Each structure stands twice: as structure tokens, then as C-alpha cells.
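Trainee: Dropping a prediction and its sequence here:
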Amino acid sequence: MASLKYWLWLASLPKLSLHMKLALLEHFGEPDRIYYGEQGEYLLVKGMTRPMAACLEDKSLQTADQILGDCDRLGLRILTIRDTEYPERLQNIDAPPLLLYVQGRMPRFEDEVAIAMVGTRRASPYAITQGERLAFQMAGLGAVIVSGLAAGGDAAAHRGALRAGGLTVAVIGGGHDIIYPRENRRLYEDIAIQGAILSEYPPGTEHMGRHFPIRNRIISGLSLGVLVTEAPERSGALITANRALDQGRDLFILPGQVDDWHCAGSNRLLGECGYPVQDAWDVLSHYAAKFPNKIRPLRAKEPQHFGSGRPSARREAPAAPPPPPALPVLDLAGDHGLTDDQLRIVRALRGGTLQVDELIELTQLPARRVLSALTVLEIDRVVTQESGKRFSLAVTLTPSPQAAL
């Protein structure tokens, strides 16, 4: 507990940036060594100025004691960046939070297909309906849905995951004891029961506008990919999308009407760098091969109508996890319907995931013919494209008497 006080002291210093706090931690090793340091030692840290060093002379632990008391009252856990439970994915982003305040059941993100879903607060009925539907499908298939518990698109994502009996994680931009927006109170309670609510802000912190863009780096950082359900040209969802690209995450876009201002920003991203999404498999197919024990058949019955009503956070989960779905079978010895070029590529992919250049070399086909064949195979869901323009089979091949290229 004493060591945690020093973490809280460091994190609560108001006039030092997060980057400087991380630099201090790297230099000194532990927060207690920073606490007992002297100004001359502080000035050895790269970027440190005398006014910054003067801030570190405030050794009061009153704020730390208050935060510990509030967390105990609210039932919150505090994770430091050095704790084993702290998500490894988050440690590797630029400016990871020093601390995470956790309520509920936080998954081990490294083992999960975590998909972030973000949208505009003033979401259209279309985005609410489709966002909830996609979250329901993905959570039902085994994905963890991560969002920001904001009104509109975020709330729809959380509701869809809860309706499927799945796991959802909310990252908020203030203290756990201040519900924002107020209309999401019951949703907040449901997520705390069936998932987890995270914040880098201690109890008592107001949800201010400047916090949300900062919070967004955590939403994308925890996830393998980010699905934007709807975003105008000026939208926090676009900030999250850009963070995702900076962090090397995959970006998925729900297409919207070309003349609808609600989705002008997300449609633009779709044309530039995002994968289009119509159903859950358009997202999860990118990760099924790497997480075969996490992606499972959809068990929950899909509601007739999305976008209305409150999900139950107390839905009974299956007694035992169902087996992963079997891939469709393609019989190369039968009437497979593939062209010669497509057949060469499919056989080449038997050995595992390959980039386009590797396929060209293995098949000895011109680049344009390989790209053309891959496009058709991807549309027919015989192959799937992963990050880095790498392709793998989305089917199981039966033995063929003509296996040679």
C-alpha cells in the first residue's frame, strides 16, 4: 500500500506532463525513488526544467490518501504500469497511462480478440441499429467489445455486446463516481457487472471535453482493430481512428449513405485506409487464424429489432464454451469452380500466410493476375486478407491428387 501511495503521488502532480512522468520513472526506476529524490537529480532527466523540478518538491501524500479511500469506498482496483495485470498492448503505445482505475472483470487483453467500436454522439438511427447489430454478432462470436460509454454510437456498441451475453469494456474520461452522460447510468451498472470500466482518472474527476481525445488512445490501444460506425468530418471517432492507425491497429468502417453528413468523415476514411464492414465476419476473419480458440459460433438468438430497450447484464452464459467454428471445406479434386490462377494461389497458401510478392514468386504468375485472382477469392471468402497485405486461406482444403503447382 505504501508503494501505491508513491504511484498516486507521481500521477497526481498537476504541472508535469505524462511524458515527463514516464521519463522520470524510466530514469529513477520506481516512484518512491522519485519521491525521495532531490532537485539536482531531477534535473538530470532529459527535458526537465527548474520549474518542473520545483513541482516535485511537493511531498504531500494527502491526495494519494484521499484517492485510496475513494477507491476502497467504490470498490475500484488500481493497476500501475508495472503490474502484471496491466495490458501489454497498452504498455506499447505512445504515452501509456501510469495508472488504471478498474471496476468489474477486466479480461487479459493479450489473449482476447478485442475490437473497439466508436461513433458519433449524435448518431443516426441507422448507425445505432447497425452498430448494436455488429456488436451483438461480434460479442456472440467471442470478441471483446471496447468503447467509450458515450451517448450514441458508443452506447449502442455496449448494448449489443450485453445483449449477446458477451464481454464489453468501457473506457471513460473521468472518475468512476461521476456518471457521464447521466442517461447511461443503467448501462454503466450493467457493464460493471458483465464487463469492466476503466479510467486513468481518479474518483472525483469531472468528464471534461479535453479528456476524451486523450482517453481515445486507450480505447484503440487495448484493441486489435477499431470499427468506426459513423463519424462526421469533425468527430471524436475520427481522432480514435487516427490513433488506431498511429498505433498500427486495423481500421474498419461501416459504410454510410454518400449524402449523409453523419458519416462524411467515416466514408472518407473508407476510401483511404479502412476495411468495409457489413457483418461481424468482415472484422473477425482477420483474427480467426491467430485466435482459433476465441472465435466461436454465435449462440445467442439475434433480436428482431436493435436500437431500443435495455439489455440484461445477467444473461446466463453457456455452461461450457462451444468449440471453434469449422472452416468451410473446398474440395480441390471435385467441382471447385476455381480458375487456373485461383487454384495456383490457393495451393500456394496451403503453407501458411503469404504476402503478394511471395505469392507472385511461388506461382510464377504476373502481378496483375495474382491481384485479380486474390480479389475474386476474397469476395468468395476463399481467402482472407490480414494486416500488412498478407493473405491466408479461409477454407479447409481436402487432399487433391494434383497438389503440385
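Mentor: Ah, there it is.
Trainee: Only C-alpha atoms from now on, for both contacts and neighbour counts.
Mentor: Noted.
Trainee: How are the helices of the stretch 201-350 of the chain distributed by residue range?
Mentor: Listed in chain order, the helices of the stretch 201-350 of the chain (DSSP state H, counting those that start in this stretch) span 211-221, 236-246, 264-272, 281-284, 340-348.
Trainee: Distance to Asp380 and mean neighbour count for those - can I get that in TSV?
Mentor: As requested, these are exported to TSV (distance: least, CA to CA, whole Å; neighbours: other CA atoms under 10 Å):
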stretch	distance to Asp380	mean neighbour count
helix 211-221	30	23
helix 236-246	28	22
helix 264-272	21	19
helix 281-284	12	18
helix 340-348	11	20
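Trainee: Just put the ones you listed in a markdown table and tack on distance to Met20.
Mentor: Formatted as a markdown table, those follow (distance: least, CA to CA, whole Å):
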| stretch | distance to Met20 |
| --- | --- |
| helix 211-221 | 16 |
| helix 236-246 | 21 |
| helix 264-272 | 33 |
| helix 281-284 | 37 |
| helix 340-348 | 50 |
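Trainee: Turn the ones you listed into TSV, columns for mean pLDDT and distance to Leu61.
Mentor: Shown next, in TSV, are these (pLDDT from 0 to 100; distance: least, CA to CA, whole Å):
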stretch	mean pLDDT	distance to Leu61
helix 211-221	93	24
helix 236-246	84	34
helix 264-272	77	45
helix 281-284	93	46
helix 340-348	89	63
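Trainee: So for Asp72, which of these sits nearest?
Mentor: Across these, the minimum distance to Asp72, taken as CA to CA, is reached by helix 211-221, at 23.4 Å.
Trainee: Can you list the buried residues in stretch 5-23?
Mentor: Neighbour counts over stretch 5-23 (16 or more other CA atoms under 10 Å) mark 5-13, 16, 18, 20-23 as buried.
Trainee: Now do the strands in this protein.
Mentor: Assigned by DSSP state E, the strands in the chain fall at 77-80, 99-104, 114-119, 144-147, 168-171, 196-199, 225-230, 250-253, 275-276, 329-331, 354-355, 383-386, 390-393, 396-398.
Trainee: Report the contact partners of Tyr180.
Mentor: Counting by CA atoms under 8 Å, 6 or more residues apart in numbering, Tyr180 touches Ala150, His207.
Trainee: Can I get stretch 207-223 in CSV? Just the C-alpha atoms.
Mentor: Extracted in CSV, the C-alpha atoms of stretch 207-223 (Å, rounded to 0.1, in the frame of the first residue of the first chain):
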residue,chain,number,x,y,z
HIS,A,207,-15.6,14.3,-17.5
MET,A,208,-14.2,17.3,-19.4
GLY,A,209,-14.1,17.7,-23.2
ARG,A,210,-10.3,17.7,-23.3
HIS,A,211,-10.2,14.3,-21.6
PHE,A,212,-12.0,12.5,-24.3
PRO,A,213,-9.3,12.7,-27.1
ILE,A,214,-6.8,11.6,-24.5
ARG,A,215,-9.0,8.7,-23.4
ASN,A,216,-9.3,7.6,-27.1
ARG,A,217,-5.7,6.4,-27.2
ILE,A,218,-6.6,3.8,-24.6
ILE,A,219,-9.7,2.6,-26.5
SER,A,220,-7.6,1.9,-29.6
GLY,A,221,-4.6,0.8,-27.7
LEU,A,222,-6.4,-2.1,-26.0
SER,A,223,-7.8,-3.4,-29.3
